[in-house]
Structures are given as structure tokens and as C-alpha cells.
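Engineer: Fold the following.
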Amino acid sequence: MNLRERFLEVMSFNTNVHSIKWEFGYWGETIKNWYASGLPRRAYPRLPLEVTTPTSSLYIPAWTCQSKEILPNGIGVMGGGLYWPTQGFPLDEDVRAHLGMDHTQRMVDVNLAFCPMFESRKVDEDENSLTYADIDGVTRKFLKEQATIPAGMDWPIKDRASWEKLKAERLNLSNLKDRFPANWGELVAEYNTRDYPLALGGYPFGMFGTPSHLMGYEKLFEMYFDDPALVHDIQNTFTEVWLAVFEEVLSRVEVDHIHFWEDISFGKGPMVSLAMVREFMLPYYKRIIEFLKGRGVKIILLDTDGDCNSLIPLYIEAGVTGMYPFEAHCGMDIVKVRQQYPNLQIMGGIPKSEIAKGKAAIDAALAPAAEVLKTGGYIPFGDHFIPPDVNWADFLYYRQRLNELIDKSGK
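Structural biologist: Residues are numbered from 1 along each chain as shown. Modelled structure (predicted):
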């Protein structure tokens, strides 16, 4: 059974099949620390340099402004559980190979934002920071010392007038073929002979994620009250574009799942009310999900950090079948979630902060994962990127124990 087949069986709650050995990912500083502490360095993560679409290539100017070869401390390095390619993040090979983990899931590389893309250009740079305009039209500032995801400074959707101009010029369907990368034919050939899970969507595709990404949180929150018709027009327009793109993709490739990126929650709950989710998001979720399920895409995954307990029933109502990464320190208890929602697919849920505390803490942190593995429909990994305070010895112990749990959970 290859990785794709096993993924589909796990997500179908087949407890006779052992789960997938993935991690959500690692911070760049974490990986560099591990190399210095004994991780064999055979395939140093490569920073992507080629810009293809916003799905895979956002932030490349930031990550590469100091070096095209050395990982920035605050970059994400993909570990399989979070789709790849995305956000200009490199893919880990060395941790995977050393610990016998599984290859990554993949994301269909297609433009789900503005088309034509904006031209990336430098606005200002000094020894401390880079300010630049990215291909999604957002102007960002990258702080070189912290080297984390650059912060938005200016956004393309400012008001109704700017939206109408963007809609006419960059969100019409007359240029649908331009939303696909130049090597689309080669990708289709690869996708159709693959042995890995293939997804649609990803960052920044979502009913909260996309407008907040292109307007900024503050403006979006204002518009929910000041101009709800504009928000609905944004949601409906993007939905029309996405359905047209998905129709084209699915006419050539069979995909296994879709990922909505939302990050709608923080440590104490959602950033917007449940009533707003129901009004501004649910109708569009339902439309997209019904379309996809009608074309054979049965696994609908949603990514949000923070405490999302109150959102789960709404997402299930919309047609979502699974969620991740279930941040434990924000109150997400995967045992309770499984008890409350026995048919919800779960990925993540292992408190990453506990891995730095030694063997006893790691064993305790793995106990809930061991319970949920018995139920199927679960892929266990850290509940976000593994932080730099997790040393290589502790991570080895954690991951070896988790791999043993996975091996015992099926065949």
C-alpha cells in the first residue's frame, strides 16, 4: 500500500491500517540547531527561488534577501503534515530519512488569488529590514533579525473602488489558463502517476483567510459592519473563480482532498462571532464543498490555529470532514474532540511545547494521541512547527515513541 492509498484508508477510519508518519513542520532555527547537534546533513532544505503562483511562492523575496542558501531562523520547513509547496517554504528531507517518516502530501500549484499576479518589487531595504510588494499585491515588511513571516503594511483591497478595479482586472475568468504555471502539463503528468496524497486549496485560500489576507484584519472587521454587501461580493467573486479553476483541475487530475486555510482562532476562541461565520462564510463553504464532493473529493480539511472548539459544529454543518493542527495549549483536547465528533478527521494535537521538557513530559503528551489512534481517522504530529527550544535528543525520543505508537495502531 503506497502513501496515497494509506492516507485515504486512514481518513476513512480504517483501524487496520497504521497512520501516517508526518510532522506539521519545523522552524528554520530548529533544523539548524539539530544539524549542529547530530542530525545527519545530507539534503539541506533548499529555499525555492522560482516564482510560480501565490499558492507556492509568497514571501520568496523575504526569505532570500539575505541568502539564497541558508535557512532564515523564522522560516517554516515542511514536514509532510502541512501541504507543500506553500509560502516559499522548503521541504525537509533529512529528519524524514533519519527517522523513517513518510514523504509529504502535495498541493496543486495553481493561482487562486489575483491574475495576473502583481509584480514583486522592492520598496525599501536597509541592514535591518526589507519592505517589498509581493505577488498578491500586499506590501510587506521583513525584519531580518527575527526573520519570521513578513508583516503586512498595505493591502490591495482598501474599499469598494479598489475592489471593483481588482475584480475587473484580476478576477475575471477570461484568462483562466494564465492561472496555471508554465509547467502545468508536466505537473499533470506527475500528479496522474503519483503515490502521494494530492490536495487543492492551501494558503491563503479560505472564506476568512483570503479576505483577511488581502484586506488586513482591521479593514475586514470594519467591513463586516460598514459594508457587508462588499464582503459578500468578495466572497462570491472568489468562489466563482475557485470553482472555475477547480473544474479545470479536476477535468485533468484526480485530487484526494482540499485544504481551507483560515487561522480564524486565537488562544481564547474565534476572532469573529459564530453569527458572522454563519452569515459571511457558511454559504460559500457549502457551495464549494458540494461542488467538490459532487466530483469525488470527499476529504475536506480546514486549518486554523488557536481555540476552535466553538467553530467545529459550524464547520461540520458546512461539510468539513477534518481539521488541524489542534493546538493543545489553546485548549484543544483531541480526546474530547474525538468523543464529541467521532466522525471528524483529526491531524496534529500533540503539544509541541511539551517535547522540550524531557521523557516524562513527552510520554504524557503522547498518551492522548495513543487513545485517538485507536479510533482511526487520525494523523498525529506536533500542533504547529516544532520550536527551537526542542533539542535534537528530546525530539528523537518523542518521534521514535510516536512512530512506535503508529506502528502498533495498524498494519
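
Engineer: hey, let's count contacts and neighbours off CA atoms from now on
Structural biologist: OK.

Engineer: which strands and helices sit next to the longest helix seen in the chain?
Structural biologist: Ranked by residue count and defined by DSSP state H, the top helix of the chain is helix 228-250. Applying 3 or more CA pairs under 8 Å, 6 or more residues apart in numbering; DSSP states H and E, we find helix 228-250 packed against helix 217-226, helix 274-280, helix 282-294.

Engineer: Quick check: next helix or strand after it?
Structural biologist: Note on helix 228-250: by DSSP states H and E, the next helix or strand toward the C-terminus is strand 257-261.

Engineer: I'd like the average pLDDT over that following strand.
Structural biologist: Taken as a whole, strand 257-261 has a mean pLDDT of 98.

Engineer: Kindly report the same for stretch 46-62.
Structural biologist: Averaged across stretch 46-62, pLDDT comes to 97.

Engineer: what's in contact with that stretch?
Structural biologist: 63-64, 68-71, 84-91, 109-113, 117, 130, 132, 134-136, 142, 149-150, 179-182, 201-204 (CA atoms under 8 Å, 6 or more residues apart in numbering).

Engineer: tell me the contacts of Met347?
Structural biologist: Met347 sits in contact with 81, 322-326, 378-381, where contact means CA under 8 Å, 6+ apart.

Engineer: ok, Asn309 - contacts?
Structural biologist: Taking CA under 8 Å, 6+ apart as the test, what Asn309 contacts is 269, 332.

Engineer: Roughly how far does it sit from Tyr341?
Structural biologist: Taking CA to CA, to the nearest Å as the measure, Asn309 falls 11 Å from Tyr341.

Engineer: in the stretch 51-200 of the chain, which spans are strands?
Structural biologist: Listed in chain order, the strands found in the stretch 51-200 of the chain under DSSP state E, counting those that start in this stretch are 76-78, 106-107, 121-125, 129-133, 139-143, 151-154, 198-201.

Engineer: among those, which is nearest Ala369?
Structural biologist: For the strands of the stretch 51-200 of the chain, the distance to Ala369 is smallest for strand 76-78, at 21.1 Å, taking CA to CA.

Engineer: what's next to that closest one, contact-wise?
Structural biologist: 23-28, 45, 84, 89-92, 385.

Engineer: Stretch 134-148 now?
Structural biologist: With CA under 8 Å, 6+ apart as the test, stretch 134-148 has contacts from 54, 58-59, 61-63, 66, 72-75, 113-114, 117-121, 127-133, 149-156, 214.

Engineer: Drop anything exposed from the residues you listed.
Structural biologist: Neighbour counting by 16 or more other CA atoms under 10 Å classes 54, 58-59, 61-63, 72-75, 113-114, 117, 120, 129-133, 149-150, 152, 154-156, 214 among the contacts of stretch 134-148 as buried.

Engineer: where does this structure have low pLDDT?
Structural biologist: Along the chain, the model assigns pLDDT under 70 to no residue.

Engineer: again, only this time at 90
Structural biologist: The chain contains residues with pLDDT under 90 at 267-268, 409-411.

Engineer: thinking Phe381 is in contact with Ile20, fair?
Structural biologist: No. Using CA atoms under 8 Å, Phe381 makes no contact with Ile20, being 9.4 Å away.
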